[in-house]
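S.K.: pasting the structure only:
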């Protein structure tokens, strides 16, 4: 498969005389059984790509790439099963590390992350003829990623189709606070890491908590410090949400001015808290013994 001839213009990757993928027939794509993406955990790009990324201006200028733009990625293995036959055949020889959707200028584009000549390449699909077919045609770009000491220090590098094209650097967007709009968008978009958020205390905090609790997959709020009882109750609609021990939280007045009631701890949460406290005590004891 030849994916040469693609250039990045703005944040949109456009074909510039790119050879079409139509009509290329290789071996049929191997059937992807459950767990076929298990190797994702051992691939830096695949395991860290999900989330929102904003261009890092200074670093991008040094690299000679773009100077503006936002990209967002969400993972969805079901994309592979929806590939039209022409693309499934053209991509048959490539190992797929991840699949999902790339949000580009408010449009969700299906994508695959593959390995090509030792490079990670993101192949994305778009409705070229405006017929409503999200798999109308395909483009691609080379991508790499490095992780930092904190999520905010992660950097995504997006190149062109050709290795000689300049790269743009993107920094991971890590919300410091959560608005309702952000919560609704992130509930289906990102990797669930909101460990940098210290408080949910706006007047619409209950609606925000409900939106976050609707997320399928992990939700990490381990940096949370301040929250109201009603907001906490709404957040715990997602029983696997990761939050600090209740005794460390500051329960505040209801931000919307409503009556602030006592928070009644559910039995399942009481049991989880007890288990976590025991685990923390054991870890502290082990750490002390190792010294």
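M.R.: Done, it's in. Just so it is clear, the model here is predicted, and its values are computed rather than measured. Numbers count the residues shown, from 1 in each chain.
S.K.: so where's the stretch 151-291 of the chain uncertain?
M.R.: 176-177, 182, 184-191 (pLDDT under 70).
S.K.: quick one: the helices in this protein?
M.R.: For the chain, applying DSSP state H gives helices covering 44-48, 57-63, 78-81, 85-90, 180-189, 205-213, 229-235, 267-290.
S.K.: tell me which residues in the shortest one are buried?
M.R.: Going back to what we said before, that points to helix 78-81. Across helix 78-81, burial judged by 16 or more other CB atoms under 10 Å covers 79-80. In this view, the C-beta of every residue, glycine as well, is placed from N, C-alpha and C.
S.K.: Which elements pack onto it?
M.R.: strand 96-104, strand 107-116 (3 or more CB pairs under 8 Å, 6 or more residues apart in numbering; DSSP states H and E).
S.K.: Any idea which of the helices of the chain gets closest to residue 120?
M.R.: For residue 120, the closest of the helices of the chain is helix 44-48, at 4.7 Å, according to CB to CB.
S.K.: Please identify the buried residues of that closest one?
M.R.: Buried residues in helix 44-48, defined by neighbour count with 16+ other CB under 10 Å: 45-48.
S.K.: now swap in stretch 172-181 and tell me
M.R.: Quick answer for stretch 172-181 (16+ other CB under 10 Å): 172-174, 178, 180.
S.K.: residues contacting residue 241?
M.R.: 212-213, 219, 221, 235 (CB atoms under 8 Å, 6 or more residues apart in numbering).
S.K.: May I ask which of those residues has the most neighbours?
M.R.: When neighbours are counted by other CB atoms under 10 Å, residue 212 leads these with 25 neighbours.
S.K.: What separation do you get for the residue nearest to that residue when sequence neighbours are not counted and residue 169?
M.R.: Among residues not flanking residue 212 along the chain, residue 183 sits closest, at 5.2 Å (CB to CB, 6 or more residues apart in numbering). Distance of residue 183 to residue 169, computed by CB to CB, to the nearest Å: 27 Å.
S.K.: and what of residue 259?
M.R.: Distance check for residue 259 against residue 169: by CB to CB, it reads 49 Å.
S.K.: These two: which has the busier surroundings?
M.R.: For residue 259 and residue 169, the more surrounded residue by other CB under 10 Å is residue 169, and the numbers stand at 21 against 8.
S.K.: so the more buried one bridges to which residues?
M.R.: Taking DSSP bridges, one obtains residue 157 as the residues bridged to residue 169.
S.K.: you'd agree it is up against residue 156?
M.R.: Yes. Contact criterion CB atoms under 8 Å: residue 169 and residue 156 qualify, at 7.3 Å.
S.K.: For residue 61, list the residues it contacts.
M.R.: residue 67.
S.K.: ok, now how distant is it from residue 152?
M.R.: Where residue 152 is concerned, residue 61 sits at a distance of 20 Å (CB to CB).
S.K.: Can you report how many residues neighbour residue 204?
M.R.: There are 17 residues near residue 204, going by other CB under 10 Å.
S.K.: Residue 161 now?
M.R.: 23.
S.K.: next one: residue 150
M.R.: Neighbour count of residue 150, defined by other CB under 10 Å: 11.
S.K.: is it possible to export the helices of the chain to a markdown table including distance to residue 118?
M.R.: As requested, the helices of the chain are exported to a markdown table (distance: least, CB to CB, whole Å):
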| stretch | distance to residue 118 |
| --- | --- |
| helix 44-48 | 13 |
| helix 57-63 | 20 |
| helix 78-81 | 22 |
| helix 85-90 | 20 |
| helix 180-189 | 30 |
| helix 205-213 | 39 |
| helix 229-235 | 44 |
| helix 267-290 | 40 |
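S.K.: wait, residue 202 sits on residue 179?
M.R.: Yes. Contact status for residue 202 versus residue 179: in contact at 7.0 Å, counting by CB under 8 Å.
S.K.: joint contacts of these two?
M.R.: Taking CB under 8 Å, 6+ apart as the contact rule, residue 202 and residue 179 both touch residue 208.
S.K.: And for residue 276, the neighbour number?
M.R.: Neighbourhood size, residue 276 [other CB under 10 Å]: 12.
S.K.: before we move on, what about the one 5 residues further on?
M.R.: As a burial measure, the neighbour count of residue 281 was computed by other CB under 10 Å and equals 10.
S.K.: Now do the contacts for it.
M.R.: With contact set as CB under 8 Å, 6+ apart, residue 281 has no partners.
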